[in-house]
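1. return atomic coordinates for the entry below.
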Amino acid sequence: MSAPRRRQRRPSRKTTSGSSTSRFPVGLAAGIVLAALNLRLAVASIPPITDELHVVGVAGRAAGSSAALFAGTVLAGIGIAIGNVILPSIVKNRFEHATGLVTGTYVAALTAGAALAAGLTVPLERSIGWQAALAVWALPAVAAFAVLGTTLSGDRTPSPIQGQSGGVQGLLRDRLAWQVTLYMGLQSLVFYAGLAWLAAILRDDGYSPGTAGALLAVYALGGIPSAAVVPVLAERMRDQRVLAAVVCTAEGVALLGLLLATDAAVAWVTLLALGQGGAFSLALALMVLRAPNATVAADLSGMAQGFGYALAALGPFAIGALDDWSGSWDVALSALVAMTVPLLVVGVQAGRARTVGAG
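-> The predicted model follows:
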């Protein structure tokens, strides 16, 4: 590992945050809008539809044209986004006594699966070509579709119907719903800002490209243990205020460490990853725990992820703009440290043992 140097002010450069915000695909926004419309679909009927969109989208990306690539990405994104939004409703309805375990397993699998695809696509491209390397990722989606079809074909679990609870519109006047939404948005903002710029920050601190890339992988994957454990703890606790405080404090301390003690970047990135993993899985768990039933869980999830990701999309752009304006990452990192304060506040408020609509 190359020895880090002190951060120096450098000439302003063109901010590349436009490419960073592209991490929020059109499909994500479209999927959340569809869910937020409160369509009158049985929740049980939605997972197969989302998986079909995912399969068609991923397979379509390998067609060989730019149009197919982008269209397939949008379709896959829509499927993933709708699935993410309805997840809390499904967990609330079908796994009421194991919400923490199911949520934690989901987040851990989501993170590991994304990392697996990112790590294997380039080697696959070198051996079988880029079209086949893209198409191969339709196979896990096909397997998931088969499992869903088998599971749901004989399932007689009652499914809530969206549109019976007042919908997202009714939650817009609920303070607790906004606290959950802001917690989701702020923790996502910090995460995606780090995902977009952490490698550049480490490079400017004197770390080699290989080391910076390795630490970025730690940041993306290191949160899996906390992501799996935090929802289980959240379900067993009377309220989740302490958990929110712990994960938010971990993020704040890690970011402060990256600002003031760059020579210990390995420790700070690991701590930040653990805090982020716990914060994200806690955000999903709160959508289940703060809802009185599965229908409201779907509505709360649509609100929290719709507004939350819109807020999070500002993170990479804002951090890149601060760096461009100041010529140093110190200002940008200081802003991220400051962001953990409102994150802590809304996290503790959202962690109180209440449900939306209860006053």
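2. give me the phi and psi angles of Arg175.
-> With angles defined as degrees, to the nearest 10, Arg175 sits at phi -60, psi -40.
3. go on, Val136?
-> Dihedral angles (degrees, to the nearest 10) for Val136: phi -60, psi -20.
4. what of Gly222?
-> Residue torsions, per degrees, to the nearest 10, at Gly222 are phi -70, psi -10.
5. separation between it and Ala250?
-> Between Gly222 and Ala250 the computed distance is 12 Å (CB to CB, to the nearest Å). Heads up, the C-betas are built off the backbone N, CA and C, glycines and all.
6. run through the stretch 151-300 of the chain and note the low-pLDDT ranges.
-> 151-168 (pLDDT under 70).
7. find residues that contact each of Gly222 and Ala250.
-> Common contacts of Gly222 and Ala250, defined by CB atoms under 8 Å, 6 or more residues apart in numbering, comprise Leu274.
8. wait, Leu271 touches Ala250, no?
-> Yes. Between Leu271 and Ala250 there is a contact at 5.6 Å, judged by CB atoms under 8 Å.
9. the stretch 51-200 of the chain: helices as residue ranges?
-> 66-94, 99-128, 130-135, 138-153, 167-171, 175-204 (DSSP state H, counting those that start in this stretch).
10. how about the ones you listed, which one is nearest Ala227?
-> helix 99-128 (4.2 Å; CB to CB).
11. count the neighbours of the residue nearest to Gly113 when sequence neighbours are not counted for me.
-> Excluding its sequence neighbours, the residue lying closest to Gly113 (CB to CB, 6 or more residues apart in numbering) is Pro140, at 7.3 Å. As a burial measure, Pro140 scores 15 neighbours (other CB atoms under 10 Å).
12. confidence score at Pro140?
-> The per-residue pLDDT reported for Pro140 equals 77.
13. distance of it from Ala117?
-> According to CB to CB, Pro140 and Ala117 sit 9 Å apart.
14. now the phi/psi pair for Val247, please.
-> Taking degrees, to the nearest 10 as the convention, Val247 sits at phi -70, psi -40.
15. thought it was touching Ala283?
-> No. At 9.7 Å, Val247 and Ala283 do not qualify as touching, with contact defined as CB under 8 Å.
16. return the distance of Leu272 relative to Gly83.
-> Plainly put, Leu272 is 27 Å away from Gly83 if you go by CB to CB.
17. settle it for me: which of the two has more neighbours?
-> More crowded of Leu272 and Gly83, by other CB under 10 Å: Leu272, with 29 against 21.
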